[in-house]
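Novice: Return atomic coordinates for the entry below.
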Amino acid sequence: MDSIAARDAALAAALKACQRAQVQLLDHTVARERIRLMRNPSGRLSVCRVYTFEFATDGWRRYRGIIALLGRRVVEVEMEPYRFDPEE
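Specialist: Next up is the predicted model:
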């Protein structure tokens, strides 16, 4: 259940990041890339999950994004540099 909730949180973060950047989230999904244990800010061990997603500015060129979660909390969202032409 915790893995499903974490994936849902990562998908919501990817959607929000894509909306903010005015790009299209491709396949409307995220994929877990790795999982490991890390210490949270209070020093307790917590599960760190890293998810990847793909997005496009024009529906043709694919770019990659990464989302890191510590527990269910999103701690990082990173998007590959992309070309954006509002005229397209």
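
Novice: Show me the helices in this structure, by range?
Specialist: Remark: helices of the chain, listed N- to C-terminal, are 2-21; assignment by DSSP state H.

Novice: Name the residue closest to the centre of it, please.
Specialist: Residue closest to the mean C-alpha point of the chain, counted by C-alpha atoms, centre = their mean, is I67 at 3.2 Å.

Novice: which regions of the protein sit below the pLDDT cut-off?
Specialist: Applying pLDDT under 70 to the predicted model, the residue ranges of the chain that meet it are 84-88.

Novice: what's next to the longest strand that it contains, contact-wise?
Specialist: Scanning the chain for the longest strand, with DSSP state E as the assignment, gives strand 45-56. With C-beta atoms under 8 Å, 6 or more residues apart in numbering as the contact definition, strand 45-56 has outside contacts at 2-3, 6-7, 10-11, 14, 18, 21, 23-27, 29-40, 62-71, 79, 82. C-beta here means a position set from N, CA and C on the backbone, and glycine is covered the same way.

Novice: how does it look with 6 Å?
Specialist: In this structure, residues lying in contact with strand 45-56 by C-beta atoms under 6 Å, 6 or more residues apart in numbering are 6, 10, 14, 18, 23-26, 30-38, 40, 62-71.

Novice: what does stretch 27-43 give?
Specialist: For stretch 27-43, using C-beta under 6 Å, 6+ apart, the contacting residues are 10-11, 14, 45-46, 48-53, 70.

Novice: Generate a markdown table for the residues you listed, with neighbour count as supplementary columns.
Specialist: Formatted as a markdown table, the entries for the contacts of stretch 27-43 read as follows, by neighbours: other C-beta atoms under 10 Å:
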| residue | neighbour count |
| --- | --- |
| A10 | 26 |
| L11 | 17 |
| A14 | 25 |
| L45 | 9 |
| S46 | 16 |
| C48 | 18 |
| R49 | 22 |
| V50 | 16 |
| Y51 | 25 |
| T52 | 16 |
| F53 | 25 |
| L70 | 17 |
